[in-house]
Every structure is written in C-alpha cells, then in structure tokens.
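>>> fold the following, please.
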Amino acid sequence: MFTPLSEMAKPALRGLLAATLAVTMAPAASADSKDDDHHHRTSDRGFVDHHDDDDDGGRNCRPRTFFRIHQMSPRNFYLPRTRYIDGPGGSMTVSVTREAEITAFLETENEKGKDFSKTIDTKTVVDHLRRLGLPHLEERHMVFSGHEYTKEISDGMYGNMWYRVFGYRVGWSAWSVLGTCERNKVAAGIASVPSRVEGWRYWETKHPMFKRRKLSVK
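Residues are numbered from 1 along each chain as shown. Take a look at the predicted model:
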C-alpha cells in the first residue's frame, strides 16, 4: 500500500516549522555585548573583587583581602584660624600664614565573630582606596604657608574666606577570601580622607555670620 506524497511531507513540514520557530524565538545576539560587558566592569570598579584568577573553577582560591567602596561624598577639611570676614564692599586679600597638617581618620566597626589577623588601620584603608581609582587621596596632607588670594566684594555685602583641603567621606568594607573561596566581611566603617588639592573658599553674606549666627548688624 502506497502512502500519498502529501502525507509523507507533513512530518517533514512540521519539523521545518519547529526549527523555524526555535530560531525565531531565540534571543538575538547584540553587536554591543562586548561593550556592555566592558562598561559593567568599568562602572563597578571599586565595588567588587576583581581578582577572579583562581584555579580549579573557583573550588580553590588564593587567600587574600579586598576592599569595597559603598558610598562617597565630598568633604572639606578647614584649617583652623584661617576664617576671615571683610566688608561691606571693597576687597579682601588673604594668605596662609602658618603650616598645618591634615590627617585622615577612620570610624571602624569590626564584624562580630570574625577572626581577622591583619590590622586595618588608616594607612591600609587609604592605600586600598587609592588602588580603587582615587590616587589623589593622602593619609597625611601638609599645608605650607603662602597661597595669597584677593577677591572683590560686592557692594553692601560681606566677603568670607576660609582655607580648606578637599577630600572625601567614604563608606568602605573589607572582605576576606578563604582558600575555599568563601568571602566574609571582616570590617567596615567610614573614612574621612584628604586629597592633594587645597585652596580658599569664598562666599558672601549680608551680615557678618559665623555658624549661622549674626555677629554684627553692620
């Protein structure tokens, strides 16, 4: 008994249709996939452990410690006895007349129940922050005398000057990688760190002011 050609073609047609659907429904490859991956690696720099060079598919790791940055905001380190007010109107000239040293400091919270043999001090944190893309940070910044600055004051206004060192307030955490590739947070805290950049800050007020309090009506 002969099978009609139309009946024989149905299974083949169904197979072709299934293959076509499979190809159509598969996600299309993006021409920018490499660029997207590179952007991801760049944007999360400082937030993850980039030492993914362990052998044995992650079953054995090289014991080490790495740091993460969780938040960062600008912070000014104002020098004592460099706050000046002049006016109303006219001009004011200021200069740094004495040397000063600005140092970084930590607010650390060690993780309870974690045995961490390596001491995390200010130098350790600053060194890691510099490696994570902040090379202008310093553990200690020395301000030398000099740096004169002159500014014209608007009519009827008071000019204010205060010398500062620019820096950051950084939320960080330290993580320990064990030989089993387990990662444990061993310390966390806030670091206030100066940078290599310094200069005068100028602003104007209607009255002589200090800490939002009026010093004089004239």
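
>>> all strands of this protein, in order?
Ranges of strands in the chain, per DSSP state E, are 64-86, 91-96, 100-103, 105-110, 140-143, 146-152, 158-177, 183-205, 209-210, 213-214.

>>> and those strands: which comes nearest residue 127?
Closest approach to residue 127 among the strands of the chain is made by strand 64-86 (9.4 Å; Cβ to Cβ). All C-beta spots, glycine's among them, are computed from the backbone N, C-alpha and C.

>>> got the contact list for the residue nearest to residue 76 when sequence neighbours are not counted?
If the residues on either side of it in the chain are set aside, residue 76 comes closest to residue 164, at 4.4 Å by Cβ to Cβ, 6 or more residues apart in numbering. With contact taken as Cβ atoms under 8 Å, 6 or more residues apart in numbering, residue 164 is in contact with 76-79, 198-201.

>>> how about residue 215?
Applying Cβ under 8 Å, 6+ apart, the residues near residue 215 are 85, 207-209.

>>> flag the least confident of these.
The lowest pLDDT within those belongs to residue 209, with 83.

>>> from residue 174, how far off is the nearest residue to residue 189 once chain neighbours are set aside?
Excluding the flanking residues, the one nearest residue 189 by Cβ to Cβ, 6+ apart is residue 108, at 3.9 Å. With distances taken as Cβ to Cβ, to the nearest Å, residue 108 is found 9 Å from residue 174.

>>> which of the two has more residues huddled nearby?
Neighbour comparison, residue 108 and residue 174: the larger count goes to residue 174, with 24 against 16 (by other Cβ atoms under 10 Å).

>>> thinking that one is in contact with residue 67, fair?
Yes. With contact defined as Cβ atoms under 8 Å, residue 174 and residue 67 form a contacting pair (5.5 Å).
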